[in-house]
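Enquirer: Here's a sequence, model it:
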Amino acid sequence: RSAAAARRGRRAGVPDRAGGVDERREARQGELRPRAIEAEVDPVVLTLTLGAGHYTLDALQQYMDALSRSRNFKLVVFLTKDRGFLAYMPSWAAKTVLNTPNMGAEFVTVINDGDPNKLFQYPSVVRKALSTRSTHAEALREMIQRNVEALVVTDETNQLKGIAEREQILSRMMLALTEK
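Expert: As a prediction, this is how the structure comes out:
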């Protein structure tokens, strides 16, 4: 796939020739979902399947570089083989790990081998996700505690449902105050 397709964050249905990176543009869900123009404001998320065994360091670095050109590239999300949520990390942290000599290759091996305990040892890897039933206040508290601008949202079956962004949550809360 082209770098332009990677920047747009379209979902890949099957592993691609560049190393099997599976990225998607996720919509916000439930209480955390504002209506927006998709091309302009939706967050871009790179999803990687732990234990898939087909990622390469070069391909992941290329995707990270391409996706990083978008100000909407927020997170790298790690999924189980059955597509359940496992963990995430901010895109800047994943890019740093991948571009650090020796650490990048080791990180790709951990992803390919599928050992979640080794993945959890990397800095900035977060295992906790917001529920689709979470309130705006709960989301903001979590963002402040973790010092992040976006969080993963999952449903009751632990499936990835979207991304909650600080700016969007604050905007909705402010609008709600003006409507009272």
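Enquirer: list the contacts for the most centrally placed residue in the chain?
Expert: The residue lying closest to the centre of the chain (Cα atoms, centre = their mean) is L75, at 3.1 Å. Neighbouring residues of L75 by Cβ atoms under 8 Å, 6 or more residues apart in numbering: P43, V45, L46, Y88, M89, P90, S91, A150, V152, I163. No exception for glycine: its C-beta is placed from N, CA and C like everyone else's.
Enquirer: residues in contact with stretch 78-96?
Expert: Counting by Cβ under 8 Å, 6+ apart, 46-52, 64-65, 67-68, 73-77, 111, 114, 116, 119-120, 122-127, 129, 148, 150, 152, 154, 157-160 sit against stretch 78-96.
Enquirer: isn't A150 right up against E165?
Expert: Yes. Using Cβ atoms under 8 Å, A150 is in contact with E165, at 4.7 Å.
Enquirer: which residues in this protein form strands?
Expert: Counting by DSSP state E, the chain has strands at residues 22-25, 44-49, 73-79, 85-90, 130-131, 150-154, 160-165.
Enquirer: quick check: angle from the longest one to strand 150-154?
Expert: Using axes from the mean of the first three to the mean of the last three Cα atoms, to 10 degrees, the direction of strand 73-79 lies 40 degrees away from that of strand 150-154.
Enquirer: Sheet partners, orientation included, of strand 73-79?
Expert: Strand 73-79 has its sheet partners listed here by DSSP bridges as strand 44-49 (parallel), strand 85-90 (antiparallel).
Enquirer: Turn those into CSV, columns for mean pLDDT, mean neighbour count and distance to E142.
Expert: Supplementary listing: the strands paired with strand 73-79 in CSV, determined by pLDDT from 0 to 100; neighbours: other Cβ atoms under 10 Å; distance: least, Cβ to Cβ, whole Å:
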stretch, mean pLDDT, mean neighbour count, distance to E142
strand 44-49, 93, 23, 17
strand 85-90, 95, 22, 12
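Enquirer: What's the separation between the residue nearest to the centre of the chain and I163?
Expert: The span separating L75 from I163 equals 6 Å under the rule Cβ to Cβ, to the nearest Å.
Enquirer: Repeat that for R146.
Expert: Taken as Cβ to Cβ, the spacing of R146 relative to I163 amounts to 14 Å.
Enquirer: Looking at those two now, which is surrounded by more residues?
Expert: Between R146 and I163, counting by other Cβ atoms under 10 Å, I163 is the more crowded of the two (27 against 13).
Enquirer: Once you drop chain neighbours, what's closest to that one?
Expert: Distances taken as Cβ to Cβ, 6 or more residues apart in numbering place P43 nearest to I163, at 4.3 Å, with adjacent residues excluded.
Enquirer: tell me the phi and psi of the one you found?
Expert: phi -70, psi 150 (degrees, to the nearest 10).
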